[in-house]
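Peer 1: any chance you could fold what I've pasted below:
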Amino acid sequence: MSQTLNDADIPGGLRNKVELSTLEPKELMQELGRKGWQRAYADGGKIIQSFLRAGLISDIIVTHIPILIGEGLPLFGRLDRDIDLEHRETRSFPSGLAGSKYRIRQVGGQTR
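Peer 2: Residues are numbered from 1 along each chain as shown. This next block holds a predicted model:
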């Protein structure tokens, strides 16, 4: 998903593996559904925020990196409502990284 990239920006080795879209999340998921997709992986702060606002995320993995930073951008930015999460598992790695998986209990105002 991009509002600024076009096909010429895709490196040659990825041209048959990558498809760009300017669709909004709901329309994109409908298009993917027509192609037989049932799930998609969303990554990137603004992308995740737009899918959260549209109520399209069912699971989320938050990775904790063992570095305290002095400032930065909020992970999920502003949301129009609280999103209730149910912890599913946490995995730790020798590097110190830890990934916690959560199930989203509320999607589009409805409890799952």
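Peer 1: and the one helix or strand Ile61 maps to, how far from the chain's centre?
Peer 2: Taking DSSP states H and E as the definition, Ile61 sits inside strand 59-64. Relative to its parent chain, strand 59-64 has a centroid offset of 9 Å by Cα atoms, centre = their mean, to the nearest Å.
Peer 1: buried set for it?
Peer 2: Ile60 (16 or more other Cβ atoms under 10 Å). Every residue, glycine included, has its C-beta placed from N, CA and C.
Peer 1: could I get the CA-only coordinates of it as PDB?
Peer 2: What follows is strand 59-64 as a C-alpha-only set of coordinates in PDB (Å, rounded to 0.1, in the frame of the first residue of the first chain):
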ATOM      1  CA  ASP A  59      -4.000 -10.800  15.800                       C
ATOM      2  CA  ILE A  60      -1.100  -8.600  16.500                       C
ATOM      3  CA  ILE A  61       2.500  -9.300  17.500                       C
ATOM      4  CA  VAL A  62       4.400  -6.600  19.400                       C
ATOM      5  CA  THR A  63       8.200  -7.100  19.400                       C
ATOM      6  CA  HIS A  64      10.100  -5.600  22.300                       C
END
